[in-house]
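> for reference, the sequence and a predicted model appear below.
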Amino acid sequence: MGKYVFELKMKVRDYECDLQGIVNNANYQHYIEHTRHEFLASTGISFAELHRQGIDPVVARLSMAFKTPLASRDEFLSKLYVKKEGIKYVFYQDIFRLPDLKPVIKATVETVCLINGKLKESETLNQILTPYLSE
């Protein structure tokens, strides 16, 4: 598990569960998005400031494989690592239930950058994220 560059501990809230008593599938996307945003904030990236500069990182593709459901009040770790593929940043994100670290989901999130509304590479993001990139 040494490949991860960031992790965030969270807890399932009651309203995130469906009638089956497990987390509704759509909420996992919220969990991984929150993890990415917290990771980026930890590197000094402000989405508001980037937007003011005309730089808008956006999700281009997302895939999630569900392994074990979470239930109300479960605690979990959301972890990520990131790779650069051409102009894309690809976030590999995994969620593990606590305390047994049982895999919950495996997700891959491809992001691209719009600069002043046009698909381009962001030198600002490259400078900030390069130290965190996995091979």
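Noted; the coordinates are in hand.
> contact partners for the residue nearest to T124 when sequence neighbours are not counted?
What sits nearest to T124 in space, not counting adjacent residues and going by Cβ to Cβ, 6 or more residues apart in numbering, is I55, at 6.1 Å. Yep, even glycine has a C-beta here, placed from its N, CA and C like the rest. Each residue near I55 by Cβ atoms under 8 Å, 6 or more residues apart in numbering is listed here: 113-115, 122, 124-125.
> and the residues you listed, which two are the farthest apart?
Considering Cβ to Cβ, no two members of the contacts of I55 lie farther apart than L114 and T124, which are separated by 12.9 Å.
> okay, buried residues for the lowest-mean-pLDDT helix or strand in the chain please.
Across the helices and strands of the chain, mean confidence by mean pLDDT, DSSP states H and E is lowest for helix 47-52: a mean of 91. Applying a neighbour-count criterion of 16 or more other Cβ atoms under 10 Å, the buried positions in helix 47-52 are L50.
> also stretch 57-65?
Residues of stretch 57-65 classed as buried: 57, 64 (neighbour count, 16+ other Cβ under 10 Å).
> likewise for stretch 96-114?
If you call a residue buried by 16+ other Cβ under 10 Å, then stretch 96-114 has these buried ones: 96-97, 104-105, 107, 109, 111-113.
> I am finished for the moment; much appreciated.
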